[in-house]
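*Asks:* Turn this into a structure:
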Amino acid sequence: MTNTPYGLSQLWSQGDLAIRTVAVLLLLMSIASWYVIALHALRALRLRAAARASHGFWHASTFADGVARLEAAGDNPFHHLAEESRQAVQHHNDNKQDLHGQLSLAAWLSESQSGTLDECAERLQRGLSILASVGSTAPFVGLFGTVWGIYHALVGIGVAGQVGIDKIAGPVGEALIMTACGLVVAIPAVLGYNALTRINRRTIGSLQRFARQLHAYFLTGSAPAGSAARGDAQ
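*Replies:* Predicted coordinates for the structure are as follows:
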């Protein structure tokens, strides 16, 4: 294969500090975004297993057995929600003399579950801001390299005093490569952000439904009618 003077290796060896800085920055942004995408994708697989375990929760003979099924799926928000709900009910029953003991069990449990759901949602969203930042800024970082390459091309023309393809090919090539690199970094980040946001939205919806079922269970002592059937259907 014939070596080209306008390849990526030449871009790095012949580029100045600004071009190298842009290239390194785009590389770091790409690594960060793919790390977040991979991390959340693996967690999404675990959450799917946890969601299936939450569907089987209502088939358990006791609450402790149901919690054990959730715990078997690993550390997951469904297990956390069930444990926090149980502890909220126990705390309310054991502290009737406190101010919050004057609240109804339904109000106290709803508030406790709301806080747990907010905490779970925050954990699910953690790291997605990196994808949003990369997706929105990477094209402009690449555009800076584009403008810098065009500037070099114009400087080359000015120094030479005449227009020659050999004077502008290298700098213009740098500009085009920087533009392409910015898009290559930004597009996966945007697609990954959108996909993970949809997954998190479905997970939060499942958690809210599970919380309502737990709320009904602790108030009535039995699962809401049809909850297990709805879980199996999903």
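*Asks:* Just the helices from the chain, written as ranges.
*Replies:* 8-14, 17-57, 63-72, 77-94, 105-125, 128-160, 165-220, 227-233 (DSSP state H).
*Asks:* quick one: the longest one to helix 17-57, angle?
*Replies:* Orientation check (axes from the mean of the first three to the mean of the last three Cα atoms, to 10 degrees): helix 165-220 against helix 17-57 gives 20 degrees.
*Asks:* Next, the angle helix 63-72 makes with helix 165-220.
*Replies:* Using the same axes, to 10 degrees: helix 165-220 against helix 63-72 is 170 degrees.
*Asks:* Lowest mean pLDDT across the helices of the chain, which one is that?
*Replies:* Looking over these, mean pLDDT reaches its minimum on helix 227-233, with a mean of 46.
*Asks:* ok, A72 - how many residues close by?
*Replies:* Residues near A72, counting by other Cβ atoms under 10 Å, number 11. (Glycine included, C-beta is placed from N, CA and C.)
*Asks:* what's the answer for the one 4 residues further on, then?
*Replies:* Neighbour count of N76, defined by other Cβ under 10 Å: 21.
*Asks:* That one and A175, how far apart?
*Replies:* 48 Å (Cβ to Cβ, to the nearest Å).
*Asks:* Please apply the same query to A53.
*Replies:* 53 Å.
*Asks:* ok, the residue nearest the centre of the chain - contacts?
*Replies:* The centroid of the chain falls nearest to L128 when counting by Cα atoms, centre = their mean (3.7 Å). Taking Cβ atoms under 8 Å, 6 or more residues apart in numbering, we find L128 in contact with V36, H40, Y193, L196, T197, N200.
*Asks:* Now Q208. Nearest residue, chain neighbours left out?
*Replies:* Distance criterion Cβ to Cβ, 6 or more residues apart in numbering; nearest residue to Q208, sequence neighbours excluded, is L117 at 6.4 Å.
*Asks:* separation between that neighbour and L25?
*Replies:* 37 Å.
*Asks:* S114 now?
*Replies:* Counting by Cβ to Cβ, the gap from S114 to L25 is 41 Å.
*Asks:* These two: which is more packed in?
*Replies:* A count of neighbours by other Cβ under 10 Å puts L25 above the other of S114 and L25, at 18 against 12.
*Asks:* which residues does that one contact?
*Replies:* Neighbours of L25 in contact, by Cβ under 8 Å, 6+ apart: V141.
*Asks:* The closest residue to W34 other than its chain neighbours: what's it in contact with?
*Replies:* Excluding its sequence neighbours, the residue lying closest to W34 (Cβ to Cβ, 6+ apart) is P188, at 7.0 Å. For P188, the contacting residues are S30, S33, W34, I37, by Cβ under 8 Å, 6+ apart.
*Asks:* And for the first one, the neighbour number?
*Replies:* It refers to S30. When neighbours are counted by other Cβ under 10 Å, S30 registers 18.
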